[in-house]
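Student: sequence? don't have it. structure:
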């Protein structure tokens, strides 16, 4: 079943009106017809509105509301991914997969070992493209909302933004060398203590990893260094590993 997002004002007690680019997609790409069932979300309440297509015009798709699925698909905690800017199109892949896994918001972060450097113009264009990828992934995975992709932040801005979150994690491949290192047992303990309703920040380094002073700055801001095992993970793998673990701990509690 195909899934679409609309504004809350486009949903009434008996009908749903779809406008914009989705009209052409429904009409000319998917070639849906009158009577076909689709799923719609307003991006706010997490509900899944099941509708039957009533009429398709050049400007809108008019649907009849059949029923509302109340039990949404969102995680009971909001997870914020702070992602060090990777090379090439890896960010697009990261956004797509993290949205599928349930992330709430993605914050690209400029770090010292980031190869990619974006000026303001390029950053705005990239952010717009990344937001589009988030929306497409949210539709595909039938999310109740479209995770936001923020404009690129500096490292200090990212730490300040994460500062008030309930749980703050930074996977670090050299965690074993830090004072008080707890290894995988420490990671398990942190994950097992996650609770529904908490906000969770996950800080992932770029391909070159973190510099030592970046880890120290993160720890000074209350972030907990954790390990993800004995193997070195790529930047595009690390965030998904943490997200999958969080999903396992919190889903359907």
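Tutor: Perfect, I can see it now. Note that the structure is a prediction, hence the values are computed from the model and not measured.

Student: and residue 219, what does it touch?
Tutor: The neighbours of residue 219, taking Cβ atoms under 8 Å, 6 or more residues apart in numbering as the test, are 170, 225. C-beta coordinates here come from the backbone N, C-alpha and C atoms, glycine included.

Student: How about residues contacting stretch 33-44?
Tutor: The set of residues external to stretch 33-44 that reach it, using Cβ under 8 Å, 6+ apart, is 1-8, 10-11, 16, 18, 26, 32, 47-56, 63, 66, 142-146.

Student: Ok, stretch 13-24 next?
Tutor: Stretch 13-24 is touched from outside by 4, 6, 10, 26, 40, 49, 51, 54, 56-65, with contacts defined as Cβ under 8 Å, 6+ apart.

Student: how about a cut-off of 10 Å?
Tutor: Surrounding stretch 13-24, the residues in contact under the criterion Cβ atoms under 10 Å, 6 or more residues apart in numbering are 2, 4-7, 9-11, 25-26, 29-30, 38, 40, 42, 49-54, 56-66, 139.

Student: Drop anything exposed from those residues.
Tutor: 2, 4-6, 10-11, 25-26, 38, 40, 42, 49-51, 53, 56, 60-61, 63, 65, 139 (16 or more other Cβ atoms under 10 Å).

Student: In strands only, show me those.
Tutor: Counting by DSSP state E, the members of those that fall within strands are 4-5, 38, 40, 49-51, 53, 56, 61, 63, 65.

Student: from those, which is closest to residue 213?
Tutor: When these are compared for distance to residue 213 (Cβ to Cβ), residue 5 comes out closest, at 41.3 Å.

Student: just checking, what packs against the longest helix along the chain?
Tutor: With residue count as the measure and DSSP state H as the assignment, the chain has helix 120-140 as its longest helix. In terms of contacts (3 or more Cβ pairs under 10 Å, 6 or more residues apart in numbering; DSSP states H and E), helix 120-140 is packed against strand 3-5, strand 37-41, helix 90-101, strand 105-110, strand 148-149.

Student: Many thanks, we can stop here.
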